[in-house]
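In: model this:
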Amino acid sequence: MKQVLQSLKTGAIEVAEVPRPAVGRGQLLVRTRRSLISTGTERMLVEFGRAGWLDKARQQPEKVRQVLEKARTDGLWATLEAVQRKLDQPLPLGYSNVGVVEEVGAGVVGFAVGDRVVSNGQHAEVVAVPATLAARVPPGVSDDAAAFAVVGAIALQGVRLLAPTLGEAMVVLGLGLLGQLGVQLLRAHGCRVLGVDPDPARRALAERFGAEVAAPEAALEAAARLSRGRGVDGVLVAAATSSSEPIHQAAQMCRKRGRIVLVGVTGLELRRSDFYEKELTFQVSCSYGPGRYDPLYEAKGQDYPFGFVRWTAQRNFEAVLDMLADRRLDVRPLISHRFPIADAEDAYAVVLGSEPSLGVLLEYPGADSDRPQRTVVLRSASVGRSDRSVVSVIGAGEYATRVLVPAFKAAGARLRIVAARSGTSSLHAARKFGFEAATTDPEEALHDPETTAVVIATRHDSHARYVLAALRAGKHVFVEKPLCLTHEELDEIERLYASLLNEPAGPPLLMVGFNRRFAPHVQKMKALLEDVPGPRAMVMTVNAGPVPADHWVSDPEIGGGRLLGEACHFIDLLRYLASAPIERCSRFDLQGPSSDAASVQLAFADGSVGAIHYFTNGSRAFPKERLEVFAGGRVLQLDNFRRLSGYGWPGFSRMRPWRQDKGQRACVRAFLTAVAGGGPPPVPVEELFEVSRVALELAGRGRA
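Out: Model (predicted):
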């Protein structure tokens, strides 16, 4: 299917052939009829992409600070690579879409196949959208008009925050799409409205909708006339500029205790005197309304109670559609251009050029056109270094594309299929690393006859399901940690693996991405410790840092929590260095049982002990990981996988490679070597199961 993508690095617009998305739980799969280019927002995104490095940095100073902090802790090279990866990601454009429902995901109520809906879907022939960010289109509303519903909801939410009452004097600064819609909505509230914009044509259009108008240089005088010299009651700022002048001008126009709401994008260097003297209120409106960016609302479909939150994002969509149906909102004069989706590059040339434009619609093929496919073949199959190392990857997120896939490519694997929920993500990974096909259907990777090994790099709750499916399909498996999220899943994996031991060819390889044991520093530590008798005392300190409370990794059902999702790395690392089974474990929480911050104690069969201090309340300026091993009157200290220091070791004092190395590439090479040579797994399966069981116990994942 065709989809509009933008390069953040260069700003270039592309109409790409992308795999059709899969419909997830709580989602609708929608075949698009129209989508609206949000000229203000999307123009700024493209201009940001086209800006040079220095201009990008000036526009996002907070990102520059994060880059400098990372350079101090992880090194300059790793930081530059991270910045390049971020800018390399294609950005799907668009968020105001109308189409017809083709599939309804599990858990969705109130929608059916064939419903015509608006949504925040992108500029693509087919979109998968949360049902809570969609609304049915009334019969009397055309596709053209309905395409304005989501942008209209942005304006409506700003008007709601402005809280207009009948007869008040209001100003709209900026008469682009949002401004024109804001004028009509404020007029519908019974307000007297002044529209301000430097463009005479836009002022004339606002005048047609019943507003008084003025150019910016005459705005203060016009606002004084509108308010009879008392100051206006409120200002809706719908401008798109880096200047802070619109906010200053809005404050000058207002009466005492007036209201200012920002729905556009402006500079925010506020002048205290503007607000102090008049006790003004200023608020930034968040998109379509309550629920936006709330994962419980968007991803899990948990609507807010109607009696307590009257206007959610979805209900704002419905309100705009009702106004379109009643002709109280007229968007026909706002349509300036139309383009077929195949010519979207021309549409953006108009948006970015000097030709006047306002509402630019993209039109899509009809329902009788071919149904877009979930798999896109990029190149014909080619034989790599070894047909036994043909790898397909499920998951194309940040870690997969930053670490795992480059490691498999560098190790010489033939990259066959990459699967991801997002067609954009799978296509980008396929293009960048040379996969033969991109898909949104994991079954393609699991059952592809040419694939010999499957890499699983999805969210944690799907790991066990894909591991079991891949093993049953006879594929070697490399799964990013953790192996699973419950004891029941672990039991099922163990039973299946045991049953495969009786097969003539034996079981496929099963590998968990416990890469730190393969790091060169750790290999050196292992070699040094082999000749030291007696038990070891090991202290692992992890300055993990906080994550937002609503991050998916902290969700017990999806991520399993950070102790299970990340601290399992360090359990495996200490298990490897101890060279003995873990007999007992305990956990002491820093901030209560639901906290990610904890101290873990491990006791090994040979008398060794280990402590893992996994903390989330430290400074980002401090290195993330430090390991200390005390044995036989000697000490080894590993700092953030950048420097290994020895104390009391004859012939060894320091090891410092030129860059940080946590062993990811060595881990992948060991796996592929075993796949190609038919050798034993690089990490004994018994240790994988042991570490997984201990991690589950420490994470409090009791049996049902």
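
In: Now for the closest residue to residue 331 other than its chain neighbours: which residues touch it?
Out: Residue nearest to residue 331 in three dimensions, not counting chain neighbours: residue 148, with 4.4 Å by C-beta to C-beta, 6 or more residues apart in numbering. C-betas here are computed from N, CA, C, even on glycine. Applying C-beta atoms under 8 Å, 6 or more residues apart in numbering to residue 148 gives the contacts 36, 96, 177, 181, 320, 324, 331, 334, 359.

In: From residue 191, how far off is residue 148?
Out: From residue 148 across to residue 191, the span is 21 Å (C-beta to C-beta, to the nearest Å).

In: swap in residue 362?
Out: The gap separating residue 362 from residue 191 is 33 Å, by C-beta to C-beta.

In: same thing with residue 527?
Out: With C-beta to C-beta as the criterion, residue 527 and residue 191 are 77 Å apart.

In: Who has more neighbours out of the two?
Out: Taking neighbours as other C-beta atoms under 10 Å, residue 527 and residue 191 compare with residue 191 leading, 25 against 10.

In: Need the pLDDT of that one.
Out: On pLDDT, residue 191 comes in at 97.

In: Over to residue 382?
Out: 58.

In: Same question for residue 242.
Out: Per the predicted model, pLDDT is 84 at residue 242.

In: can you confirm it is in a helix?
Out: No: going by DSSP: H, G, I helix; E, B strand; the rest coil, the assignment for residue 242 is coil, not a helix.

In: Which residue is the nearest non-sequential neighbour of it?
Out: residue 267 (5.4 Å).

In: Identify the residue spatially nearest to residue 519, adjacent ones excluded.
Out: Spatial nearest neighbour of residue 519, excluding adjacent residues (C-beta to C-beta, 6+ apart): residue 663 at 3.4 Å.

In: Repeat that for residue 202.
Out: In this structure, residue 202 finds its nearest non-sequential neighbour in residue 175, 4.0 Å apart by C-beta to C-beta, 6+ apart.

In: Then residue 192?
Out: residue 169 (5.0 Å).

In: helices or strands next to the helix or strand hosting residue 521 in the packing?
Out: In the assignment (DSSP states H and E), residue 521 maps to helix 520-529. Helices and strands touching helix 520-529, by 3 or more C-beta pairs under 8 Å, 6 or more residues apart in numbering; DSSP states H and E, are helix 568-578, strand 625-631, strand 634-639, strand 643-647, strand 654-655.

In: Show me what that helix is in contact with.
Out: Counting by C-beta under 8 Å, 6+ apart, 516, 536, 573, 576-577, 629, 631, 636, 638, 641, 644, 646, 649, 652, 655, 657, 661, 663, 666 sit against helix 520-529.

In: same thing with stretch 533-543?
Out: 529, 567, 570, 573-574, 577-578, 604, 606-615, 618-619, 622-632.

In: could you redo the last one with a cut-off of 6 Å?
Out: 570, 574, 606-614, 618, 622, 624-632 (C-beta atoms under 6 Å, 6 or more residues apart in numbering).

In: One more: stretch 665-684?
Out: Against stretch 665-684 from outside (C-beta under 6 Å, 6+ apart): 386, 388-389, 407-408, 411, 413, 453, 476, 478, 509, 511, 515, 518.

In: run the last query once more with 8 Å
Out: 386, 388-389, 391, 404, 407-408, 410-413, 452-453, 476, 478, 509-515, 517-520, 572.

In: From the contacts of helix 520-529, list the buried ones, please.
Out: Neighbour-count burial (16 or more other C-beta atoms under 10 Å) is assigned, among those, to 516, 536, 573, 576-577, 629, 631, 636, 638, 641, 644, 646, 652, 655, 661, 663, 666.

In: quick one on the thing from earlier: could I get the helices and strands packed on helix 520-529 as TSV with distance to residue 17 and mean pLDDT?
Out: Shown next, in TSV, are the helices and strands packed on helix 520-529 (distance: least, C-beta to C-beta, whole Å; pLDDT from 0 to 100):
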stretch	distance to residue 17	mean pLDDT
helix 568-578	38	96
strand 625-631	42	96
strand 634-639	47	96
strand 643-647	47	95
strand 654-655	48	94
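
In: now these as a markdown table including distance to residue 207?
Out: A markdown table is the format used below for these (distance: least, C-beta to C-beta, whole Å):
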| stretch | distance to residue 207 |
| --- | --- |
| helix 568-578 | 64 |
| strand 625-631 | 63 |
| strand 634-639 | 67 |
| strand 643-647 | 69 |
| strand 654-655 | 74 |
